[in-house]
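Chemist: structure of the sequence below:
(one chain, ligands or ions: 1)
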Amino acid sequence: MKSFIPWVGGKSKLLWLIRKLSPSRYSRFIDVFGGSGTVTLSRPIQPGCMEVYNDFNGLLANLYRCVRDKPDLLINALKYVLNSREDFDRARLALRRKRTTDIQRAAWFYQVIRQSYAAALTSFASQPHDMWSNFPLIEQAHRRLADVVVENQDFQTLIRHYDRPVTFFYCDPPYHATEGYYQNIGEDGFTERDHIRLRDALLSMEGKFLLSYNDDAFIRGLYDAPGIQIEPVTRLNNIRQRYDPNCQFSELLIANYDMAERAHATTQINLFDFQKGEFDETYVF
Ligand SMILES: C[S@@+](CC[C@H](N)C(=O)[O-])C[C@H]1O[C@@H](n2cnc3c(N)ncnc32)[C@H](O)[C@@H]1O
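Modeler: Coordinates of the predicted model:
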């Protein structure tokens, strides 16, 4: 299923490739930089496989817990929200200042995501939006998340906690030089030191990781290490498509295992298959 929120850096257009390049066997799936949860929510349920959604943004983790545990209360709190600049500004401000219930915080945050321009959480979108049309998605996500552990940790603590040889970590950190898009992730935001900290945690783990990044010399340098595979991927640039229809965006997929192993493991492929036809993007891989 698709996520119940749009999110900057959401991976819906890369899902088929993430699925194709995931390891063929594992029994713990950890979405380290969960964001919209697109990757977690889109996975077919794999019996016996533990699933963890994590994001350091506490508002996001709280929203996830409320969707999983109290969807009816969340929907009730959203039913009479107005699509107006005044209400939007009030919700944004209240999130910063007011101490309140988990449900009210989740409702304000959901409103701000849905009513902000490009889901960037900053300015009012001034677009028609039917809040009630989101409720079926929230209910579906509630059912899908029933057995998903929701965490609100910095990646390093999380990786240390869940690392085992049977763990598969999918990591989608803030891209290098675009870190400023993300709020509520600690005083300094995501810095160069954090990219290095992430590299150190990933290169010393027992489990497997698949990492997505923008294609840039700093990132290529960080992961130029023995046993690490780096695959460049090119796709149409959604943001600039309106002005330049052929504009491409280059990303990297980086792993500490053979990314072709799923393709070789023909018996496993049905468990976590992908349908390329669902996606309208063009990839060069
Ligand atoms: C590129 S987005 C992830 C997008 C996600 N894969 C999706 O499909 O929506 C990066 C996420 O990392 C989170 N984040 C930033 N710093 C973090 C940290 N130190 N530990 C864990 N998560 C962090 C941000 O809040 C943001 O949601």
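
Chemist: my guess is Gln104 meets Leu74, correct?
Modeler: No: between Gln104 and Leu74 there is no contact, the gap being 9.6 Å when judged by CB atoms under 8 Å. C-beta: built from backbone N, CA, C; applies to glycine.

Chemist: quick one: which of these two has more around it?
Modeler: Under the criterion of other CB atoms under 10 Å, the comparison of Gln104 against Leu74 puts Leu74 first, with 22 against 18.

Chemist: tell me the contacts of that one?
Modeler: 66-67, 103, 106-107, 110, 138 (CB atoms under 8 Å, 6 or more residues apart in numbering).

Chemist: quick one: buried ones out of those?
Modeler: 66-67, 103, 106-107, 110, 138 (16 or more other CB atoms under 10 Å).

Chemist: quick one: the helices in the stretch 101-250 of the chain?
Modeler: Ranges of helices within the stretch 101-250 of the chain are 102-115, 135-144, 155-162, 192-203, 217-222, based on DSSP state H, counting those that start in this stretch.

Chemist: point out the most buried one among the ones you listed.
Modeler: helix 102-115 (a mean of 21; mean count of other CB atoms under 10 Å).

Chemist: count of neighbours near Leu59?
Modeler: 20.

Chemist: and for Val32?
Modeler: Neighbours of Val32 (other CB under 10 Å): 27.

Chemist: check Leu82 too.
Modeler: So Leu82, with other CB under 10 Å, has 12 neighbours.

Chemist: and the gap between it and Ile138?
Modeler: In this view, Leu82 and Ile138 are 19 Å apart by CB to CB, to the nearest Å.

Chemist: now swap in Glu86 and tell me
Modeler: From Glu86 to Ile138 the distance is 24 Å (CB to CB).

Chemist: what of Gly35?
Modeler: Gly35 is 17 Å from Ile138, by CB to CB.

Chemist: likewise Leu222?
Modeler: Distance from Leu222 to Ile138, by CB to CB: 38 Å.

Chemist: tell me who's in contact with the closest residue to Ile159 other than its chain neighbours.
Modeler: Spatial nearest neighbour of Ile159, excluding adjacent residues (CB to CB, 6 or more residues apart in numbering): Ala201 at 4.8 Å. Residues in contact with Ala201 (CB under 8 Å, 6+ apart) are 155-156, 159-160.

Chemist: next to the ligand, which bits of the stretch 1-150 of the chain? Give me the list.
Modeler: Counting by CB under 6 Å from any ligand atom, the residues of the stretch 1-150 of the chain close to the ligand are 7, 9-11, 33, 35-36, 38-39, 55-57.

Chemist: make CSV out of the residues you listed and add neighbour count.
Modeler: CSV is the format used below for those (neighbours: other CB atoms under 10 Å):
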residue, neighbour count
Trp7, 22
Gly9, 17
Gly10, 19
Lys11, 21
Phe33, 25
Gly35, 23
Ser36, 23
Thr38, 24
Val39, 26
Asp55, 27
Phe56, 21
Asn57, 19
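
Chemist: the stretch 51-200 of the chain: strands as residue ranges?
Modeler: All strands of the stretch 51-200 of the chain, identified by DSSP state E, counting those that start in this stretch, fall at 148-151, 167-171.

Chemist: show me the domain layout of the protein.
Modeler: Following automatic domain parsing, one finds the domains of the chain at 12-57+152-264, 58-146.

Chemist: could you dump the ones you listed into a markdown table with mean pLDDT added?
Modeler: Output for the domains of the chain, formatted as a markdown table (pLDDT from 0 to 100):
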| stretch | mean pLDDT |
| --- | --- |
| domain 12-57+152-264 | 92 |
| domain 58-146 | 96 |
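
Chemist: closest to Ser3 out of those domains?
Modeler: Closest approach to Ser3 among the domains of the chain (CB to CB): domain 12-57+152-264, 4.1 Å.

Chemist: list the contacts of Trp108.
Modeler: Residues in contact with Trp108 (CB under 8 Å, 6+ apart) are 91-92, 94-95.

Chemist: return the member of the residues you listed nearest to Ile45.
Modeler: Using CB to CB, Leu95 is the member of those that sits closest to Ile45, with 32.6 Å.
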